[in-house]
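Engineer: A structural model of the following input is requested.
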Amino acid sequence: MNAPLSPLIHLVDDDEAVRAALSLLIGTVGLRVQAWAEPQAFIAGFDRNSIGAIVLDVRMPGVSGLTVLQQLVEQGVDQPVIMLTGHGTVDMCRRAFKSGAAEFLEKPVNDDALLEALQNAVRQHVRSRERQQANHVARERYTQLSPREREVLGLIISGLTNKEIGRALDLSPRTVETHRASVFAKLGAESLADLIRRYAAIVESGEA
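Structural biologist: Numbering: from 1, shown residues only. The predicted model follows:
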């Protein structure tokens, strides 16, 4: 996964003045900004592979920000979404968070509050993508294990010693040691604790 040099913030608002002002503000903390006036153009054209976040106005002509948020979630978009509105209500806020919004801010938005929310969202997205990458690597490495090595791995994780694994699988201690070494090598684990962490990523990915 090739990440951009700096995170990219997608700003979706039909008000040109708001887009200009917020673009300048966001740029002051080193974040790149791509501004969109049309929600549907944004949905059709933005880079889903980019690292960053989405700032989305709630009230826009044609389609509401909440509808756009729901479409993003349905399409599996993983960038955190910060909702902005000049006419916020408790119900609107509740609906936004229920739909998956990371933050909900009222206009005129406080500069510091928006920048803090954006920086938190970017950090959240970076961690999420790192987990995805780790899971991908874990899945690839797990597929390299033979059926017997997978059995040995499961018993190692269960806390069995080499002798106990040998008895459970009717294998000699030397054969168990060979399989054990192969499991560690193929998964790239340097210790038992490291092996357990990698196995947890495999389980999280649904591969094991």
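Engineer: use CA for all of it now, contacts and neighbours both
Structural biologist: Fine.
Engineer: confirm that residue 123 sits in a helix.
Structural biologist: Yes. Assessed by DSSP: H, G, I helix; E, B strand; the rest coil, residue 123 belongs to a helix.
Engineer: neighbours of it, just the number please.
Structural biologist: 15 (other Cα atoms under 10 Å).
Engineer: repeat for the one 10 residues further on
Structural biologist: Applying other Cα under 10 Å, we find 13 residues neighbouring residue 133.
Engineer: secondary structure element for it, which one?
Structural biologist: helix 111-142 (DSSP states H and E).
Engineer: which residues of this structure fall in helices?
Structural biologist: With helices called from DSSP state H, the chain shows them at 16-27, 39-45, 65-74, 90-98, 111-142, 147-157, 162-169, 173-187, 192-205.
Engineer: figure out which of those is closest to residue 55.
Structural biologist: Comparison of the helices of the chain against residue 55 by Cα to Cα identifies helix 111-142 as nearest, at 8.4 Å.
Engineer: tell me the domain boundaries of this protein?
Structural biologist: 8-133, 143-205 (automatic domain parsing).
Engineer: save those domains as TSV, and put in mean pLDDT too.
Structural biologist: Output for the domains of the chain, formatted as TSV (pLDDT from 0 to 100):
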stretch	mean pLDDT
domain 8-133	92
domain 143-205	92
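Engineer: roughly how far does the most far-flung residue of the chain relative to its centre sit from residue 166?
Structural biologist: The outermost residue of the chain relative to its centre, with distances by Cα atoms, centre = their mean, is residue 172 at 43.3 Å. To residue 166, residue 172 is 6 Å away according to Cα to Cα, to the nearest Å.
Engineer: same deal with residue 65?
Structural biologist: Residue 65 is 60 Å from residue 166, by Cα to Cα.
Engineer: more neighbours, the two?
Structural biologist: residue 65 (23 against 18).
Engineer: who's in contact with the more buried one?
Structural biologist: 39, 56, 57, 58, 59, 83 (Cα atoms under 8 Å, 6 or more residues apart in numbering).
Engineer: could you do residue 115 as well?
Structural biologist: 26, 29.
Engineer: wait, isn't the residue farthest from the centre of the chain in contact with residue 162?
Structural biologist: No. In this structure residue 172 lies outside contact range of residue 162 using Cα atoms under 8 Å: 9.2 Å.
Engineer: picking that back up, out of the contacts of residue 65, which are inside strands?
Structural biologist: 56, 57, 83 (DSSP state E).
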